[in-house]
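Undergrad: Task: produce atomic coordinates for the following.
(one chain, ligands or ions: 1)
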Amino acid sequence: MNSSLEIQIIKSKKSDFFELISYEKFRDTKDVRFFDISINKSNYRDLVIHNGPAISPPNDEALGSWQFYIHDKQEDNLLAISGGRTFFLVNFGWKYPFYKIRLEACGYILRIPRGTFHRSVSDKKGSIVLNQAIRDKGGTVESEFKVINSKDNKRLLDCINNLKPKFKIYSVK
Ligand SMILES: [Fe+2]
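TA: As a prediction, the model looks like this:
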């Protein structure tokens with residue numbers, strides 16, 4: 001972990017836009033810092049380990065087209081524990097639909113709202129990301145981890161082919 005956590009606080013907004021959530025340091029001992037990374041209401045956690053420059057979900061094997069996850073009944077809250085990972089988000093409900101967001105270890109927690117197409121690419125050395133998700137009643141692994149191939153969704157394909165993602169980097173100074 002970095003020796004200092006100096007991250008700007010972005011206030012949570014009641015919108016379905018993605019958010020970057022900061023968290024609190026609650027204790028220091030010699031060479032050790034403790035952080036409360038709790039996401040209230042999180043009722044489901046997954047840990048995603050990328051060994052090397054993995055892509056999640058992987059690109060289409062035959063054509064190389066990008067694939068995405070989208071959750072109807074789950075909000076993701078993603079924290080890089082080690083390494084760096086870049087997320088691509090598409091949501092047609094946003095004013096600008098296409099974002100590229102880089103998370104670095106122990107920086108912000110990225111909240112991805114329901115209904116957002118998302119995929120991620122790790123740095124060369126890989127990354128470990130903890131997801132403190134909020135899953136709605138009726139959501140299951142099967143329902144929430146469907147893979148959407150962009151070649152099968154014209155609007156999505158047009159978006160990633162024709163728009164340049166707005167790029168934001170969130171890391172610890
Ligand atoms: Fe997800």
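Undergrad: so how many other residues sit close to the residue nearest to Leu163 when sequence neighbours are not counted?
TA: Leaving aside its chain neighbours, Leu163 sits nearest to Phe98 (4.7 Å; criterion: C-beta to C-beta, 6 or more residues apart in numbering). Yep, even glycine has a C-beta here, placed from its N, CA and C like the rest. The number of residues packed around Phe98, counting by other C-beta atoms under 10 Å, is 19.
Undergrad: Tell me if I'm right that Phe98 and Cys159 touch.
TA: Yes. Phe98 lies in contact with Cys159 (C-beta atoms under 8 Å); the separation is 5.6 Å.
Undergrad: sorry, back to before: how about the residue nearest to Leu163, what does it touch?
TA: Neighbouring residues of Phe98 by C-beta atoms under 8 Å, 6 or more residues apart in numbering: 88-90, 159-160, 163-166.
Undergrad: for Ile49, same thing?
TA: By C-beta under 8 Å, 6+ apart, Ile49 lies in contact with 126-128.
Undergrad: ok, now with 10 Å
TA: Ile49 is in contact with 81-83, 122, 126-129, counting by C-beta atoms under 10 Å, 6 or more residues apart in numbering.
Undergrad: how about the helices of this protein, start to end?
TA: Using DSSP state H, the helices of the chain run over 141-144, 154-162.
Undergrad: returning to what we had before: hmm, which of the contacts of Ile49 are the buried ones?
TA: Listed as buried from these are 83, 122, 126-129; burial here means 16 or more other C-beta atoms under 10 Å.
Undergrad: So how do I select the buried members of the contacts of Phe98 in ChimeraX?
TA: Here is the ChimeraX selection string for the buried members of those, based on 16+ other C-beta under 10 Å:
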select :88,89,90,159,160,165
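Undergrad: Right, I'll call it a day here.
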